[in-house]
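Engineer: coordinates for the following, if possible.
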Amino acid sequence: MHDDWPEDALYKGLIERDPRALEALIRRYSREMSYFVRIVLDNGGTPQDAEECTNDLFVAVWQEIGSYDPARGTLRTWITMRAKYIALDRRRQIQRRQTYAMTSLDSGDFAGSYEGEHHVVELPARMAETSMEKLIEQRERREELRQALESLSELDRTLVYMRYFRLASTEEICAKTSLSRHAIDTRLWRARKALRDALQEKTHERVRALRS
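Structural biologist: Predicted coordinates:
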């Protein structure tokens, strides 16, 4: 097939798990969806936030195409709605991140570090006058992050370090790992979900322990 895939052919290709259909979809809608995502983010966050939202969108389309109903609208409309929800979720994350940063500055926070496998990750830490309970809780969260990272496969952990700790671009990661852009985006999406789930589970465990 060529780049001028009709929409019904794109849908059929995605349903049949044809990577060429996904590549054609990305070529057709990547720029448009990236622009739309930036509008929804309302100039919040970083360029990396917008890029990750766009990457997450096409991973979601690939994985959730079965939920699309052609009788209810065009494929483009469905993709746009998925982009909206993903970008809105990221905007809420950015707002929480900014609120935390402002609170940290007001409270006199400074940067501490977590060391792992030759990488240093900047993490928040309290100054001496903050309660010991806060310090203990933060040490627990750093340890939980370390454990969550170690639960990933070696390749996924490497991708996470390169992307989020070294701030390498997707193109740089492609060059160093010989993985395709789609493979990198998919693995990073799954790694982020795994880390979120692991940290949430640790939080639930602490809550259950306090209630018992």
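Engineer: break the protein down into its domains, please.
Structural biologist: Domains of the chain are assigned by automatic domain parsing as 7-95, 109-211.
Engineer: next, format those domains as JSON lines and append mean neighbour count.
Structural biologist: The way it works is simple: take the backbone N, C-alpha and C, and place the C-beta from them, glycine included. Formatted as JSON lines, those follow (neighbours: other CB atoms under 10 Å):
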{"stretch": "domain 7-95", "mean neighbour count": "16"}
{"stretch": "domain 109-211", "mean neighbour count": "14"}
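Engineer: mind putting those domains in CSV, mean pLDDT included?
Structural biologist: Below are the domains of the chain laid out as CSV (pLDDT from 0 to 100):
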stretch, mean pLDDT
domain 7-95, 90
domain 109-211, 70
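Engineer: can you give me the strands for this protein?
Structural biologist: 110-116, 119-125 (DSSP state E).
Engineer: next, the contact list for Leu10, please.
Structural biologist: Contacts here follow CB atoms under 8 Å, 6 or more residues apart in numbering; on that basis Leu10 touches Ala21, Ala24, Leu25, Arg28, Leu75.
Engineer: hmm, which two among those are most spread apart?
Structural biologist: The span of these, defined through CB to CB, is set by Ala24 and Leu75 at 11.6 Å.
Engineer: leaving out sequence neighbours, find the closest residue to Gln95.
Structural biologist: Distance criterion CB to CB, 6 or more residues apart in numbering; nearest residue to Gln95, sequence neighbours excluded, is Gly44 at 7.1 Å.
Engineer: do Glu7 as well
Structural biologist: In space, and not counting its chain neighbours, Glu7 is closest to Leu75: 5.1 Å by CB to CB, 6+ apart.
Engineer: look up how far Asp8 lies from the one you found.
Structural biologist: According to CB to CB, to the nearest Å, Leu75 and Asp8 sit 9 Å apart.
Engineer: now swap in Ser151 and tell me
Structural biologist: 42 Å.
Engineer: repeat that for Val37.
Structural biologist: Distance from Val37 to Asp8, by CB to CB: 26 Å.
Engineer: list of residues touching stretch 78-92?
Structural biologist: So stretch 78-92 is in contact with 25, 29, 33, 36-37, 40-42, 44-45, 49, 52-54, 56-57, 60-61, 64, 68, 72, going by CB under 8 Å, 6+ apart.
Engineer: so what's the closest residue to Glu171 other than its chain neighbours up against?
Structural biologist: Distance criterion CB to CB, 6+ apart; nearest residue to Glu171, sequence neighbours excluded, is Arg181 at 7.9 Å. By CB under 8 Å, 6+ apart, the contact list for Arg181 reads Thr170, Glu171, Cys174.
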